[in-house]
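> Task: produce atomic coordinates for the following.
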Amino acid sequence: MKKIETNKESLLKDLKEFYNPNIWHYITINGVDLGEELELQYYFTKYSSLEEAICYFIKVDYEEEVPSIIDLIPSAYLAEGEAVDMFGVKIKGIKKGTFLEPDSIQMPLRKTP
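Reported below is the predicted structural model:
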């Protein structure tokens with residue numbers, strides 16, 4: 001798998017240049033809590049070769065707002081909602097509560113509150 005680092009300022013530009021829905025299948029967004037910051041990973045596989053996978057990733061601290069990719073990939077709203085609920089990351093336009101009820105444990109995958 002190829003892993004490509006980008007940043008929140010160029011994420012949308014980089015994904016727009018890369019993503020062709022006839023060639024690449026969007027898989028999911030994964031979060032990795034690094035303690036003081038979060039690594040958000042955007043996974044894709046090639047339709048013609050499932051062994052060919054690409055991961056774009058950004059590192060942000062929890063107070064930064066990350067752009068949403070749902071204008072480019074509408075089905076990403078589920079994974080973005082999950083990242084907001086599970087890690088407390090701020091994604092533009094995505095509200096808490098996609099997966100977690102208000103009375104449940106908040107940000108359960110985050111190492112630090």
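> what's the single longest helix in this protein?
Secondary structure assigned by DSSP state H gives helix 77-87 as the longest helix of the chain.
> Can you name the residues in contact with the helix or strand that that one is followed by?
Downstream of helix 77-87, the first helix or strand assigned by DSSP states H and E is strand 90-91. The contact list for strand 90-91, computed with Cβ atoms under 8 Å, 6 or more residues apart in numbering, reads 62-68, 80, 83-84. Bear in mind the C-beta positions are built from the backbone N, C-alpha and C, glycine included.
> Okay, helices next: where are they in the protein?
11-18, 77-87.
> I'd like to know which of those helices lies nearest to Leu50.
helix 11-18 (17.7 Å; Cβ to Cβ).
> Buried residues in that closest one, which are they?
11, 14-15, 18 (16 or more other Cβ atoms under 10 Å).
> can you dump the C-alpha coordinates of that helix into PDB?
Listed in PDB are the C-alpha atoms of helix 11-18, where the atom choice follows Å, rounded to 0.1, in the frame of the first residue of the first chain:
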ATOM      1  CA  LEU A  11      -6.300  17.700   1.300                       C
ATOM      2  CA  LEU A  12      -9.300  18.600  -0.900                       C
ATOM      3  CA  LYS A  13      -7.000  19.700  -3.800                       C
ATOM      4  CA  ASP A  14      -4.900  16.500  -3.500                       C
ATOM      5  CA  LEU A  15      -8.000  14.200  -3.400                       C
ATOM      6  CA  LYS A  16      -9.700  16.000  -6.300                       C
ATOM      7  CA  GLU A  17      -6.600  15.500  -8.400                       C
ATOM      8  CA  PHE A  18      -6.300  11.900  -7.500                       C
END
